[in-house]
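> Fold the stuff below for me.
(chains A, B, C and D)
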4 protein chains.
Amino acid sequence: MQLGMIGLGRMGANIVRRLMRDGHDCVVYDVSADAVSALAAEGATGASDLADFAAKLQTPRVVWLMVPASLTGKVVDDVAAVLEPGDIIIDGGNSNYRDDVRRAKALRERGIEYVDAGTSGGVFGLERGYCLMVGGSEAAVNHIEPLLKTIAPGAGDIERTPGRTGELAPEEQGYLHCGPSGAGHFVKMVHNGIEYGIMAALAEGLNLLENADAGVREAEHSAEVAPLEEPEFYQFPIDTAKVTELWRRGSVVSSWLLDLTAAALNENPTLTGLAGRVSDSGEGRWTVKAAVDVGVPVPVLAASLFERFASRDEDHFANQVLSAMRLQFGGHKELPAGDVLEAGGRKSDSPPAR
Amino acid sequence: MQLGMIGLGRMGANIVRRLMRDGHDCVVYDVSADAVSALAAEGATGASDLADFAAKLQTPRVVWLMVPASLTGKVVDDVAAVLEPGDIIIDGGNSNYRDDVRRAKALRERGIEYVDAGTSGGVFGLERGYCLMVGGSEAAVNHIEPLLKTIAPGAGDIERTPGRTGELAPEEQGYLHCGPSGAGHFVKMVHNGIEYGIMAALAEGLNLLENADAGVREAEHSAEVAPLEEPEFYQFPIDTAKVTELWRRGSVVSSWLLDLTAAALNENPTLTGLAGRVSDSGEGRWTVKAAVDVGVPVPVLAASLFERFASRDEDHFANQVLSAMRLQFGGHKELPAGDVLEAGGRKSDSPPAR
Amino acid sequence: MQLGMIGLGRMGANIVRRLMRDGHDCVVYDVSADAVSALAAEGATGASDLADFAAKLQTPRVVWLMVPASLTGKVVDDVAAVLEPGDIIIDGGNSNYRDDVRRAKALRERGIEYVDAGTSGGVFGLERGYCLMVGGSEAAVNHIEPLLKTIAPGAGDIERTPGRTGELAPEEQGYLHCGPSGAGHFVKMVHNGIEYGIMAALAEGLNLLENADAGVREAEHSAEVAPLEEPEFYQFPIDTAKVTELWRRGSVVSSWLLDLTAAALNENPTLTGLAGRVSDSGEGRWTVKAAVDVGVPVPVLAASLFERFASRDEDHFANQVLSAMRLQFGGHKELPAGDVLEAGGRKSDSPPAR
Amino acid sequence: MQLGMIGLGRMGANIVRRLMRDGHDCVVYDVSADAVSALAAEGATGASDLADFAAKLQTPRVVWLMVPASLTGKVVDDVAAVLEPGDIIIDGGNSNYRDDVRRAKALRERGIEYVDAGTSGGVFGLERGYCLMVGGSEAAVNHIEPLLKTIAPGAGDIERTPGRTGELAPEEQGYLHCGPSGAGHFVKMVHNGIEYGIMAALAEGLNLLENADAGVREAEHSAEVAPLEEPEFYQFPIDTAKVTELWRRGSVVSSWLLDLTAAALNENPTLTGLAGRVSDSGEGRWTVKAAVDVGVPVPVLAASLFERFASRDEDHFANQVLSAMRLQFGGHKELPAGDVLEAGGRKSDSPPAR
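Residues are numbered from 1 along each chain as shown, chains lettered A, B, ... in the order given. Down below sits the predicted model:
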């Protein structure tokens, strides 16, 4: 089957490669002519501009966009301008599902089908395949199914879920028609929201392990915070690289994210060089907003998002406000925030005024 | 090598079976004579009481306890009474690591070694092996290493972590000496704390997917809560059984807990019959308390614990207090809580007094 | 000065009364003719329809809308149709600040000023006055200042903030021009978001006090959850009605919401009759979404919102998923969720398989 | 009535002053002879050592300890050594209620009464009085009631709670016998736990207000985080000093902590000089641990505690772990964490590999 790919970054190029390996025919375009020639050298049909791209595709054309989310709107418009009724646009990027709903509606009026394909797989996708969460009309998704089947990981050597028998369902092969336009990116959004939560659960637990020796370390900020009450219970110098490696085998928390964590800690046990200012892309935010919209409580997913904000010091003013209140009611206006708890110079002084 | 096992419930019995399969020699004891005979029939040496048990073991004796956490203290005392200096007690149950610290100290004075072995694996352990997190003295843990190696899952077919080369480290075989007495159960405790967080992340995300069709369902409680503002964006009837199956392949959230969730939803897509009153064992609680002790923020782990409390209505009085406050400042004393937001009978009435 | 009021529910009518008491002249309209006559009998000028309403107001007309948020859009349109350039519409309801931004822009093109006035005060406003958070152009807000001054509480007998001297600033009199259109409702939104957080802090703390006697109560769910480890520390039968009354005097948590809580608990110490299904209006949700938009961590405000969702069982499917997972890995498929932790019938059985 | 005070820091000295003003007779002791002489000059009877202190008190002696929590245990022992059966020790400091339970039990065996008095009031206590939460036997608390009545704020000019009539109850005068030994500090502990929650609610809300102009500020970290999607809705330059002043009048969030916040922001609107590293004393931690013990969900109180931990960078290793995972699955090993989201150099590059 034939696919036109627009956007030849790592993921776009690798999807093309995966398709060509499986015998599909690809027409490719990118604003970078070099990127186009590179893939042409591997067997794809290069296009010099969008008109050329459209001309080289058989109708109904199937066009996959793999461009940054911020550009998707413009590229959809540009591509739609060279397409005809019956053609199909697939957005494989990280779009907000709300944009899909809007775009699908607008394109439908012009007879063009719009399919959103949430795509997970990262740098390992070329070999492992990409997990595909797809939204769109029944007809359009059925039409592109041969492509989805190739891009997806397939059943692989993953043990079959008990109770599933017979022919492999699409979801067992790594792709799923989740619902109407937007459903694919909605499911991908929630996927990433869950990802934030799992990452945070692992990170918090490892932080606790890393501090399991708090009782042996010198209490460097004893004046500032409540002292450790029972240091005899925090005498464990835990090796988090070894523990994460261990948990990969037979434990309840075994997961791909744990595999990555074990690899990271094995490579750099102290995580030297990482500032711990954690980025977030849009999906974690959209997940929380969607949950708020429909009234679903997501305390864990939200907490994991807010931890990332705080890691970038977005909590700074709030913390200053807290220190300011404590200075007010503690009566220690002249002292730096860090010393607030030192109630005075004498041993028998009163506790900090609260 | 020889091991004495006390407590022949599912896990105790299966560990014995796994050891015997690998050529180890097991002496077994349980308050249930039937349980003893059952394993004796499979090749173990049965003991009729603790004295008999001790007599049948070669010194230095190695005794593994697999009894409910609430009984461990008593059983340790009873067993210690029949042991001699140089013998080793291993607690494989779900003890609080603080009890390990205390018990190890008390037994050390009598020359008995105490090893805590956090054990994960559940009903799948007989085949998959048990992930072992071990605390104790260097000497004691070295002595029992052949047993640990057998009980643990081994390297299996899990891909080796990049950067690891040469002979397999213990953690790559599924067991790890984590530190002094208590360290094993400490690591197991944190493991379970993380487990709670991962489970909650998955559950919250799936709850959001389950409600992705909020815009098409009749807004049955429109008077009670803020109405859905943009129903057009919540029109997705998502099949969570299919989505969890899908994510098992190539997605970032792939994990053993996801495998189980996919299995559960495949078996019972609506989860009919489950009341959703979620139990919690001690480890999640101990994790949060340990984190509070050492000053490590664990918002996700704590939130996942509190969700379980709330699932059992432990938030009831708090919610009543909230409703009571709203009745006070809203001035709607006579109405049931659910109707508070109805500001009055007329269309042009004021918004609820806030 | 003259004001036209549309919407004569409790808040609208009371604002009119407060204005008239202070010598202002009010023209009033409501879809309920009875509501109009009632206020006319108290001295207001009644209007029979919007045209009549507009005719009875001097230019530049000042029109205050006090209608449910869901109707505000339509009423703004209807009113704007009878107004002229230079007139001013004030929305005193609980609108989303985003609607203000849009409406102000649309009306500006027709020469009509739009002012949003977040209004807090509830059923006590007639006597205490209403706290006013105002957004709009400098000119419009200056023009209506005499009205704001009357509606607001004034300085009252509240102690002046240390460091403030000279003439009373507007904020010391209970009204504030917060910024351009939308700023008033934005500040009101955050006010309500904070309100949710304070309410939750009080409710959670009181729930803990209510359960401070957990050690003396029969552990009715001992099979289901981790048993209380140190019952000797939870032997306190606390009277929450008395404690909240106490805290009103000299404590750090003294607040108006505490006053209300003390009143509610004094009236109904067991809160009998309250189901604890806690409603939420839009502001708490908008606050969390705005915080997510700008990347500000609000774990407390979000948690307080999610607790309300959970109080209405919006966490149900998530909890079922958790139970389902536990059934899977615990191997207790046949048992109801509540009994999962019972590992078996025998005393020496293994701990629940984890 | 007579009271002996040990510990003449600010709170101890001010309680003595408040008692003397009301005609009570005070014997005072402190390790600082200067502190003793200073109060002796104001009319108290100074003691040179504990024996002298005990000799100057009539039996049954009533001794109030106002010493740092870390010293209380030792001072209780030292004082008990010079007391006799029937005497009463009152601990007015910030002790853990668990210590009260233990100490009361030990002293009871020697016939000495132990009363714990959680004391709130801070630097304003001399004039306003101290809110007293008291635990102990009926007999002991009744005996010291005249002292409690003087130290407490009294009814003051606080409006009486609706429904309360007749003589003022103790709680209306600012002191309350909460239950047996430990109950006083338990209630004080929860009070402080709530205090953390209220403080956090205010701080988070103000942080959001402070960032309500995110749309006009240069997006300095656009490469690092998700860009602001609708900058037109975040154009509000809010003056938080004015807003907090405003809310003191007629708003739902009016509270003493708001008064302090308004004062702090009026004095220092940008909070310059505050690092925002927020200390925590023990009570917030004990509150969360007690809630975990009895199974009461406290997501808001816990989140407010964890925010303080994070403000002191106790989340650092967790954040590094998150960055490390992102580097692993994003494949951007060579880049600093902050640039992870930059998917590549070309416009048409793929989205970050997820």
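> and the longest helix belonging to chain A, does that touch chain B?
With secondary structure taken from DSSP state H, chain A has its longest helix at helix A:183-210. Yes: contact between helix A:183-210 and chain B, assessed by Cβ under 8 Å from any Cβ of the partner chain, occurs at A:183, A:186-187, A:190-198, A:200-202, A:204-205, A:207-209. Bear in mind the C-beta positions are built from the backbone N, C-alpha and C, glycine included.
> after that helix, next one along is what?
Per DSSP states H and E, the first helix or strand lying C-terminal to helix A:183-210 is helix A:240-247.
> For that next one, give the mean pLDDT please.
For helix A:240-247, the mean pLDDT works out to 98.
> Just confirm residue A:96 contacts residue A:289, I think it does.
No: between residue A:96 and residue A:289 there is no contact under Cβ atoms under 8 Å: 9.8 Å.
> who has more neighbours, these two?
Shown here are residue A:96 and residue A:289; by other Cβ atoms under 10 Å in any protein chain shown, residue A:96 has more neighbours (22 against 19).
> where's that one relative to residue B:129, distance?
Per Cβ to Cβ, to the nearest Å, residue A:96 is found 44 Å from residue B:129.
> Over to residue A:80?
Residue A:80 is 56 Å from residue B:129, where distance means Cβ to Cβ.
> the more surrounded of these two?
residue B:129 (23 against 18).
> got a list of what the more buried one touches?
Residue B:129 sits next to A:249-250, B:18, B:121, B:151-154, B:156, B:174 when contact means Cβ atoms under 8 Å, 6 or more residues apart in numbering or on different chains.
> so what pLDDT did the residue nearest to the spatial centre of chain A get?
For chain A, the residue nearest the mean C-alpha position is residue A:192 (4.4 Å; Cα atoms, centre = their mean). Looking at residue A:192, its pLDDT reads 97.
> just checking, it touches residue A:285?
No: between residue A:192 and residue A:285 there is no contact under Cβ under 8 Å: 9.9 Å.
> Can you report how many residues lie near residue A:324?
Residue A:324 has 24 nearby residues by other Cβ under 10 Å.
> Pull up the gap between it and chain C, please.
13 Å (Cβ to the nearest Cβ, to the nearest Å).
> Need the contact partners of the lowest-mean-pLDDT helix or strand in chain A.
Counting by mean pLDDT, DSSP states H and E, chain A has its least confident helix or strand at helix A:125-128, which shows a mean of 87. Helix A:125-128 is contacted from outside by A:11, A:14-15, A:17-18, A:119, A:121, A:153, B:250, D:353, using Cβ under 8 Å, 6+ apart.
> and which of the contacts of residue B:129 is nearest chain D?
residue A:249 (19.1 Å; Cβ to the nearest Cβ).
> Assumed the closest one was part of a strand.
No: counting by DSSP: H, G, I helix; E, B strand; the rest coil, residue A:249 is not part of a strand but coil.
> Spit out the contact partners of it.
So residue A:249 contacts B:129, B:131, B:152-156, B:158, B:172-174 (Cβ under 8 Å, 6+ apart).
> what's the next secondary structure element after the helix or strand where residue A:148 lies?
In the assignment (DSSP H and E), residue A:148 maps to helix A:145-151. Next helix or strand after helix A:145-151 toward the C-terminus (DSSP H and E): helix A:170-173.
> Near chain B, which residues of the stretch 251-354 of chain A are found?
A:251-259, A:262-263, A:266-267, A:287, A:290-291, A:293-301, A:303-304, A:306-307.
> which of the residues you listed come close to chain D?
The residues of these that also fall near chain D, by Cβ under 8 Å from any Cβ, are A:257, A:263, A:299, A:303, A:307.
> Straight-line length of stretch A:83-92, end to end?
One end of stretch A:83-92 to the other measures 18 Å (Cα to Cα, to the nearest Å).
> Tell me which two in the ones next to chain D among the residues of the stretch 251-354 of chain A next to chain B are the farthest apart.
Across these, the longest distance by Cβ to Cβ is 29.7 Å; it joins A:263 and A:299.
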